[in-house]
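# Show me the folded form of this:
(2 chains)
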Amino acid sequence: MNIQLILFFVLAAIAAVTSVMVITRKNAVLSAVFLVLNFFALAGLYLLLNAQFIAVVQVIVYAGAIMVLFLFVLMLLNTETEHGLFVDKRGIKFFAILISAFVFVQLAFLIFKGNPSRTLTADEAASINAGTIQTIGHHLYTDYIIPFEVAGFLLLAATIGALVLAKKKFE
Amino acid sequence: MPANNFEYYLLMPYIVIGVGIVLSVVLEISTKKSKELLPWFSALLFFGTAIYSIFNVDQGLVLFSGMLEVGGKSAIFNTIFNFGAALIVLASIDFMKKYEADFGEYYILIQSSVLGMMIMASARDIFMIFMGLELMSICFYVLAGINRKKSSANEASLKYFLLGAFATGFIVYGIALIYGTTGSTSIQNLVENFVGYSSNILFVLGMILFFVGFSFKVAAVPFHMWVPDVYQGSATTVTGLMSTVGKAAAFSVFIIMLGAVVTYGAPNFFKSYFAVISALSMVVGSVIAISQDNLKRMLAYSSVSHAGYMIIGLAAGNKYSIAGIIFYLAAYAFMNIGAFSVISVIEGKDDSRTGIKSYAGLQSKSPFLAAMISLFMFALAGIPPLAGFFGKYYVFFGAIQANLTWLAIVGVLSSVISVYFYIRVVVYAYFKNSEEDFEIESSVGTYAAIIISAAFILILGFFPDMLLGIITSAIK
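Predicted structure coming up:
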């Protein structure tokens, strides 16, 4: 058993367990924290698949920015007094089960149809290669250096603008 | 990558403004005196860049693996943006103090928005157009609401943000379709294979969506509904910036995207689209402006009809009309910045004295301001020999060359309508008796901006060939 396989099982177990935890917790803040954990496990799985850029973006954007926003909203709103979504709406529950079953069947079909030992075509190899940090960094600092710099100024201007509109004190 | 010194010389305007933004941020953080220093620092940057750029129009280069076109046409636009922004900065110094909103950040945001415009006008890749557009728009959204105490400024900022984001959605969807059908975001590729692509309905749809998004930005009818509230609610100097150089930046994108039509004589598939929105903008803008009593709102509708005159040039799509648009944009920048500067002097603290009644008897209060507002109004109405006349003349001439005589006639008729509401201001200033009593606080910076604008209106009016020669040498 090689290290990759061991890591896969560990990360997959974490992802599976945390995703169940997300939907079973009564406290919404706890759900959100488990979702962050789930994102980290998924990022690890992406790394094992050699999709380094997606792994990094998964951590920075999803686990970092978006989930922090979620947590803030959950903590500002008082969710504990809210009724559960499914308490007296049988119809919604039925559709939720139907849609999840549909997605599950699709995924299961893809997994059993796939052949992991076949050789990759040239296109597939190129698309896997495009997801590595080296390739993206190379493009970012050669062909796309000017848009990259402008993006820096864009973020600077947005930060200054947010500060002016939200924080500036009037006597 | 720039390989020799010559390329660095042509890149200098971008480097100067970019480094200027960073220096301004450092200045704002490190010293309490930044409020006094930053306006003059920004004005110096803008004037320097404007004068530097005008000498680079005869040498165009594409740098950074087909991303940025420096010199040439973009140098002309850089001059317009920087000169306009410099005048706005001069006019803002005392105006922002009046509203107690004289933050250093105001000037940093103006610098950033100008950098965005420069990027837009020099783009050779749709990616760059989008980055520049966002940089400019985000600064404008904030600048519109910079005076947070005024509820109309907050309203203007929010309206501009929501509708601007909506327009950006159109643009992004257009870009997605263009990228999907051409497989590249390069404008060079688009220009070279334009005729081949245009048989694909999805490509044409993408271009139309892209143009619709930018029609929002230039305030053309039927995409003009945000204009009156935003122009009236924002600080007067900010309105001056948005309505002149902001509009010029959006037109530069139109000209870049129509490069296949303009430069290589490809058939103009978008002629009917531009002709219709141009005719609508001219007529609707002029007619609604007649009933406006607030001067800022009147100038907002006048800005809609001026956008219509400029779009005539896009419908015509030949070199005369493109040179005419660029000339018009330069002339319009001086006329409108001058007019908004005069309004900003007369305007009282809490948004008062922007109505036309406050201009009654202006001649007895300040002969200088009365003469200047009359000059700007005559120029906006297009009375020869002022700059506004030649702007319209060149655009109409281009339209006739392209067999669009009916559009030129609509343009002339709507100019005739517009004379009414422009001259009305002059009549109030000279032939009505004053009803309100107020003191006009003179201000060095604003008066300098007014005098420079007036001087350029006269110079461009008497020697139009000077600027037109430079423009035609740049677009070749």
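# for stretch B:99-116, which positions count as buried?
Within stretch B:99-116, the residues that qualify as buried are B:99, B:101-116, counting by 16 or more other CB atoms under 10 Å in any protein chain shown. C-beta here means a position set from N, CA and C on the backbone, and glycine is covered the same way.
# Apologies, that question was intended for stretch B:170-182.
Buried, per 16+ other CB under 10 Å, within stretch B:170-182: B:170-171, B:173-175, B:177-178, B:181-182.
# what's next to it, contact-wise?
B:126, B:130, B:133, B:185, B:189-190, B:193, B:197, B:200, B:202-203, B:205-214, B:216 (CB atoms under 8 Å, 6 or more residues apart in numbering or on different chains).
# Which residues are in contact with the residue of the stretch 101-250 of chain B found nearest chain A?
Here the stretch 101-250 of chain B gets closest to chain A at one residue, B:V142, 3.5 Å apart by CB to the nearest CB. Shown in contact with B:V142 (CB under 8 Å, 6+ apart): A:157, A:160-161, A:164-165, B:109, B:157.
# do stretch A:140-150 and chain B meet at all?
Yes. Part of stretch A:140-150 sits near chain B under the criterion CB under 8 Å from any CB of the partner chain, namely A:142-147, A:149-150.
# Restricted to buried residues, select those residues in PyMOL.
To isolate the buried ones among the residues of stretch A:140-150 next to chain B in PyMOL, judged by 16+ other CB under 10 Å, type:
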select buried, chain A and resi 144+145+146+147+150
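# which bits of the stretch 51-200 of chain B sit near chain A?
By CB under 8 Å from any CB, the part of the stretch 51-200 of chain B that sits against chain A consists of B:64-65, B:67-68, B:100, B:103, B:105-106, B:108-109, B:112-113, B:115-116, B:119, B:125, B:127-128, B:131-132, B:134-135, B:138-139, B:141-142, B:145-146, B:148-149, B:157.
# In terms of secondary structure, what does the helix-or-strand element of chain A with minimal mean pLDDT contact?
Sorting the helices and strands of chain A by mean pLDDT, DSSP states H and E puts helix A:122-129 at the bottom, at a mean of 80. Packing partners of helix A:122-129 (3 or more CB pairs under 8 Å, 6 or more residues apart in numbering or on different chains; DSSP states H and E): none among the helices and strands.
# Contact partners for B:Y430?
B:362-363, B:370, B:374.
# SS state for B:E69?
Counting by DSSP: H, G, I helix; E, B strand; the rest coil, the backbone at B:E69 sits in strand.
# circling back to that earlier point, mind listing which of the residues of stretch A:140-150 next to chain B are in helices?
Members of those lying in helices (criterion: DSSP state H): A:145-147, A:149-150.
# from the residues you listed, which is closest to B:S302?
Distances from B:S302 to those, taken as CB to CB, are shortest for A:V150 (32.7 Å).
# Tell me, how many residues neighbour the residue lying closest to that closest one once chain neighbours are set aside?
What sits nearest to A:V150 in space, not counting adjacent residues and going by CB to CB, 6 or more residues apart in numbering or on different chains, is B:M131, at 4.3 Å. Using other CB atoms under 10 Å in any protein chain shown, the number of residues around B:M131 comes to 23.
# A:Q106 too?
10.
# secondary structure element for it?
Assigned by DSSP states H and E, A:Q106 belongs to helix A:90-113.
# Give me the distance from that helix to the chain's centre.
Here helix A:90-113 is found 20 Å from its chain centre; the criterion is CA atoms, centre = their mean, to the nearest Å.
# Next secondary structure after the helix or strand of chain B with the lowest mean pLDDT?
None of the helices or strands of chain B scores lower by mean pLDDT, DSSP H and E than helix B:259-264, at a mean of 78. Note on helix B:259-264: by DSSP H and E, the next helix or strand toward the C-terminus is helix B:271-290.
# Which part of the stretch 351-476 of chain B gets nearest to chain A, residue-wise?
Counting by CB to the nearest CB, the stretch 351-476 of chain B gets nearest to chain A through B:D351 (16.1 Å).
# roughly how far apart are that residue and B:N147?
Per CB to CB, to the nearest Å, B:D351 is found 9 Å from B:N147.
# Tell me which of the two has more neighbours.
B:N147 (23 against 19).
# Which helix or which strand is home to the more buried one?
Per DSSP H and E, there is no helix or strand for B:N147.
# ok, now how distant is it from B:A339?
Note on B:N147: its distance to B:A339, by CB to CB, is 20 Å.
# And B:F390, how close does it get to A:A12?
72 Å.
# same question, B:S278
For B:S278, the distance to A:A12 - CB to CB - is 61 Å.
# So which of the residues of the stretch 51-200 of chain B next to chain A are in strands?
B:L68 (DSSP state E).
# ok so, going back, excluding covalently adjacent residues, which one is nearest to the residue of the stretch 101-250 of chain B closest to chain A?
Excluding the flanking residues, the one nearest B:V142 by CB to CB, 6+ apart is A:G161, at 3.5 Å.
# Fine, thanks again, bye for now.
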